[in-house]
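**Q** Sharing a model prediction with you, sequence too.
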There are 2 protein chains.
Amino acid sequence: MNLLTVDTLEEAREKLISCVKTLPCPTESVTLDRAVHRVLATDVVAQDNIPHFRRSTVDGYAVIASDTQGASESIPTFLTVVEEIHIGKQPTKTIVSGECAYVPTGGMIPSGATAMVMVEYTEQFHDGEIAVYQSVAEGSSIVLVGEDAKINTVLLTKGTILKTAQVGVLAAAGIWSVPVYRPWRISILSTGDELVHPSDTLESAQVRDVNTWALNALASQCQFQVTSHQTIPDHAELLRQELEHAKEESDFVLTSGGSSQGKADLTCQIMDEVCDHGVMTHGLSLKPGKPTILAFDERSKTIMVGLPGHPVASLMVFQSLLVWLWKEYTHQPPAKSFWGFTTTNIPGAPGKTTLIPVKLQLGQEHQYEVTPIFGKSGLINTLVDADGYVMLDRNQEGLQKGAWVEVHLFGV
Amino acid sequence: MNLLTVDTLEEAREKLISCVKTLPCPTESVTLDRAVHRVLATDVVAQDNIPHFRRSTVDGYAVIASDTQGASESIPTFLTVVEEIHIGKQPTKTIVSGECAYVPTGGMIPSGATAMVMVEYTEQFHDGEIAVYQSVAEGSSIVLVGEDAKINTVLLTKGTILKTAQVGVLAAAGIWSVPVYRPWRISILSTGDELVHPSDTLESAQVRDVNTWALNALASQCQFQVTSHQTIPDHAELLRQELEHAKEESDFVLTSGGSSQGKADLTCQIMDEVCDHGVMTHGLSLKPGKPTILAFDERSKTIMVGLPGHPVASLMVFQSLLVWLWKEYTHQPPAKSFWGFTTTNIPGAPGKTTLIPVKLQLGQEHQYEVTPIFGKSGLINTLVDADGYVMLDRNQEGLQKGAWVEVHLFGV
């Protein structure tokens, strides 16, 4: 085992980044019908102009703009309709002065034409002529070639989370299948003689396993793939077997439980034996989250994280290490966070990064009021009302009431 | 067909609410391992106290607090260890004055004991005695019965979106399976002779179908269930057949396309024939989003929405009608929105509710700057940079530069 030191959050993050850098960065292809929430693994470049032809944004007549100069309600201009262009079809004629063609919304503008006149500003005559009651400027109601996106420009950059607009742009660009990062495979292993499944009847001193399901939920929120979740009793040999097994099928193995000192030491010792690089962090100067263990097995490319047994602490560590690391690894831009005024003083913990769950409420000036939710870290209920959390740096003494603070969201 | 009027956004919403009120409100059960992002369909009440026994938050000794009065580094108190309590097991002895019992973190406090002393402040002797070097107050390091949640209290209310903390609380309460709203089943039908699948080769005046996939993505973001998505040519009889079919298997049938006036009228006419209650809204005073049609078929309990063909307009209508309606229908609290200062004047459209995509950037004072992204509504690319949208009321003239505005997010 390496020298056992308590790491700062920054030190632990640096160690994780070093491990992750040695890992392959697997990607996979998804089609647009299943791409929502996935993270783009390459820049996407436009293969052609969007649109690739001049398109009308209105129902009306394609004209030469200068032909309409001076046209008005009282003095219309008269033009000959040479063609009715159908949606999806190519025009067959070129417009010359004195001519026009009918084009529906989305239809292709014939060559020669330089503007559209909306049908509302025209009147049709039986002899194939129309009266135009409006003067239009060049380019009116026309989307130009490449106006939505030009050929060879970057449409979306690596690390973009694919949401509705991004899927729309990819569809418009004719990119049906895109490379995205393969989600991390996570094994969750909760340990404790006292733990029973939530659906089981509780006896005397037993408690229901909260961490397995809360961690599973947070992993799902982050789009990770949970490959297995298990609750096992405190048993060294069983833990060793399960860790050995889990490291072969996961990128991350999370254990939780073992907040009791003896159990934490046992988990640490077994992780150190099971991982070829051993334990790299034993204890975090993070509040809550001190009893955190990080280990790395280079052969199987697996990072092991021993999480605290207290549910809130275990979720905070998952958030500030794994969620953070996933965003770094996949080149995601920082998520938008909320900002607001604190309603009370918030004490820091000297030398420790402190994470405080908070509630956001819109105040009178439409600015958020940030109220800390204090509670023993064993109490999951404190998190239910939390909209996010405030992070106090280890060098920060605390926050005065009325301070303007950043509120981070869980799972992003 | 009813009288064809252009509705305000509020009028259209009221009509939708009336339709939805006549619908059954189907729910289904999900287990906690698959509950993330689902919406709770009932209040959830604690069936027992959490925790249901007094629990230690530290490794140490359960004592009678008054026994430690005056104990210090220099003058310890000596106590007899009568039992070592194992995690998950019930104590067998009651503590009386002069006695204590070892309890690990999470272990059950024996009766008689009123506080925990951390192991760090004790010293063990061979004869089953310990020295206690700290005076502890009653209740120290003990979680009381019901301190996390009391029996019969409401843990979570109807309309709660289940995220990590909520899943954790349900696990702690022993509620493995919860009733949630069954997601709406959505059929998407894009119409247009010009439309081709994104993976197909484009010819001359054709365009790729953006709306089907963008709408499918937004529906997925909202956890709706897309039962079918199709692209069909402009053909009245085909449209009628597909609408007849779709209404039997969906709660909502969305068509898009038909921004061209003739096509919009055709869609409107066919929806009116296919739905027993006919078309109830023909045109919205919403910008973008005017060419919107709403129809209702009471027999099959289906709402039909004719969306504009322009991608941005169609997404804005989906957002401001369907996403809004789903939140109302499932009793969700309002989503947290961002607030910031506008960086430019934003013109309104008199008599119309205006939706403007905007970008959020953190300014110097850590307050968001809200920059509108203007663009023709046919251009999907304008949405890629948008973090959300600003909604201007139809009575609002516009916003001055520097106004403090609310920014809504897409899909929530």
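**A** Great, that's in hand. Numbers count the residues shown, from 1 in each chain, chains lettered A, B, ... in the order given.

**Q** Could you verify my assumption that A:Ala12 touches A:Gly283?
**A** No: taking CB atoms under 8 Å as the definition, A:Ala12 is not a contact partner of A:Gly283, at 9.6 Å. Using the backbone N, CA and C atoms, a C-beta is placed for each residue, glycine as well.

**Q** Please say which of the two ends up with more neighbours.
**A** Shown here are A:Ala12 and A:Gly283; by other CB atoms under 10 Å in any protein chain shown, A:Ala12 has more neighbours (25 against 18).

**Q** For the more buried one, list the residues it contacts.
**A** Residues near A:Ala12 by CB atoms under 8 Å, 6 or more residues apart in numbering or on different chains: A:Thr281, A:Leu284, A:Thr292, A:Leu294, A:Leu321.

**Q** Which one (most neighbours) among those residues?
**A** Within the contacts of A:Ala12, A:Thr292 tops the neighbour count with 28 neighbours, counted by other CB under 10 Å.

**Q** What count of nearby residues applies to A:Ser66?
**A** When counting by other CB under 10 Å, one arrives at 12 neighbours for A:Ser66.

**Q** wait, is it part of a helix?
**A** Yes: assignment of A:Ser66 by DSSP: H, G, I helix; E, B strand; the rest coil places it within a helix.

**Q** For it, give its distance to A:Gly98.
**A** 11 Å (CB to CB, to the nearest Å).

**Q** now the strands for the stretch 1-150 of chain A?
**A** In the stretch 1-150 of chain A, the strands defined using DSSP state E, counting those that start in this stretch lie at A:27-31, A:44-45, A:55-56, A:60-63, A:77-84, A:99-103, A:115-118, A:122-124, A:129-132, A:142-143.

**Q** ditto for the stretch 301-412 of chain A
**A** Applying DSSP E, counting those that start in this stretch to the stretch 301-412 of chain A gives strands spanning A:302-307, A:338-342, A:346-347, A:353-362, A:368-372, A:388-392, A:398-399, A:404-407.

**Q** JSON lines for these, including distance to chain B?
**A** Listed next are those as JSON lines, based on distance: least, CB to the nearest CB, whole Å:
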{"stretch": "strand A:302-307", "distance to chain B": "13"}
{"stretch": "strand A:338-342", "distance to chain B": "5"}
{"stretch": "strand A:346-347", "distance to chain B": "17"}
{"stretch": "strand A:353-362", "distance to chain B": "6"}
{"stretch": "strand A:368-372", "distance to chain B": "8"}
{"stretch": "strand A:388-392", "distance to chain B": "9"}
{"stretch": "strand A:398-399", "distance to chain B": "14"}
{"stretch": "strand A:404-407", "distance to chain B": "6"}
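
**Q** could those strands be laid out in JSON lines, adding mean neighbour count and mean pLDDT?
**A** Formatted as JSON lines, the strands of the stretch 301-412 of chain A follow (neighbours: other CB atoms under 10 Å in any protein chain shown; pLDDT from 0 to 100):
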{"stretch": "strand A:302-307", "mean neighbour count": "27", "mean pLDDT": "97"}
{"stretch": "strand A:338-342", "mean neighbour count": "20", "mean pLDDT": "97"}
{"stretch": "strand A:346-347", "mean neighbour count": "18", "mean pLDDT": "94"}
{"stretch": "strand A:353-362", "mean neighbour count": "21", "mean pLDDT": "96"}
{"stretch": "strand A:368-372", "mean neighbour count": "21", "mean pLDDT": "97"}
{"stretch": "strand A:388-392", "mean neighbour count": "21", "mean pLDDT": "96"}
{"stretch": "strand A:398-399", "mean neighbour count": "18", "mean pLDDT": "94"}
{"stretch": "strand A:404-407", "mean neighbour count": "18", "mean pLDDT": "97"}
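
**Q** out of those strands, nearest to A:Val82?
**A** strand A:338-342 (58.6 Å; CB to CB).

**Q** how about that closest one as CSV, C-alpha atoms only?
**A** Taking C-alpha atoms only, strand A:338-342 is exported to CSV below (Å, rounded to 0.1, in the frame of the first residue of the first chain):
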residue,chain,number,x,y,z
PHE,A,338,-27.7,29.0,-10.7
TRP,A,339,-26.5,32.0,-8.7
GLY,A,340,-28.2,33.6,-5.7
PHE,A,341,-27.9,35.3,-2.3
THR,A,342,-27.4,33.2,0.8
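
**Q** picking that back up, quick check: which of the strands of the stretch 1-150 of chain A is nearest to chain B?
**A** Judged by CB to the nearest CB, the one of the strands of the stretch 1-150 of chain A that comes nearest to chain B is strand A:142-143, at 5.8 Å.

**Q** and the closest one, which strands flank it?
**A** Strand A:142-143 has the following strand partners under DSSP bridges: strand A:55-56 (antiparallel).

**Q** Most tightly packed of the strands of the stretch 1-150 of chain A?
**A** Most buried of the strands of the stretch 1-150 of chain A, by mean neighbour count (mean count of other CB atoms under 10 Å in any protein chain shown): strand A:60-63, with a mean of 28.

**Q** Other residues contacting it?
**A** A:56, A:79, A:81, A:85, A:95, A:100-103, A:109-110, A:113-122, A:130, A:132, A:136, A:141.

**Q** Output it as PDB, nothing but the C-alphas.
**A** Extracted C-alpha coordinates of strand A:60-63, given in PDB (Å, rounded to 0.1, in the frame of the first residue of the first chain):
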ATOM      1  CA  GLY A  60     -45.900  33.500 -53.200                       C
ATOM      2  CA  TYR A  61     -44.200  34.600 -56.400                       C
ATOM      3  CA  ALA A  62     -40.500  34.500 -57.200                       C
ATOM      4  CA  VAL A  63     -39.700  37.800 -58.900                       C
END
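
**Q** Sheet partners, orientation included, of it?
**A** Sheet partners assigned to strand A:60-63 using DSSP bridges are listed as strand A:99-103 (antiparallel), strand A:115-118 (antiparallel).

**Q** got the contact list for the longest one?
**A** Contact with strand A:99-103 is made by A:56, A:59-64, A:67, A:79-85, A:91, A:93, A:95, A:109-110, A:112-113, A:116-117, A:130, A:132, as judged by CB under 8 Å, 6+ apart.

**Q** 7 Å instead?
**A** A:56, A:60-63, A:79-85, A:91, A:93, A:95, A:109-110, A:113, A:116, A:130 (CB atoms under 7 Å, 6 or more residues apart in numbering or on different chains).

**Q** next one: the shortest one
**A** The set of residues external to strand A:115-118 that reach it, using CB under 7 Å, 6+ apart, is A:56, A:58, A:60-63, A:65, A:68, A:103, A:132, A:134, A:136-142.

**Q** if you set the cut-off to 8 Å instead, what comes out?
**A** Strand A:115-118 is contacted from outside by A:56-65, A:68, A:100, A:103, A:109, A:132, A:134, A:136-142, using CB under 8 Å, 6+ apart.
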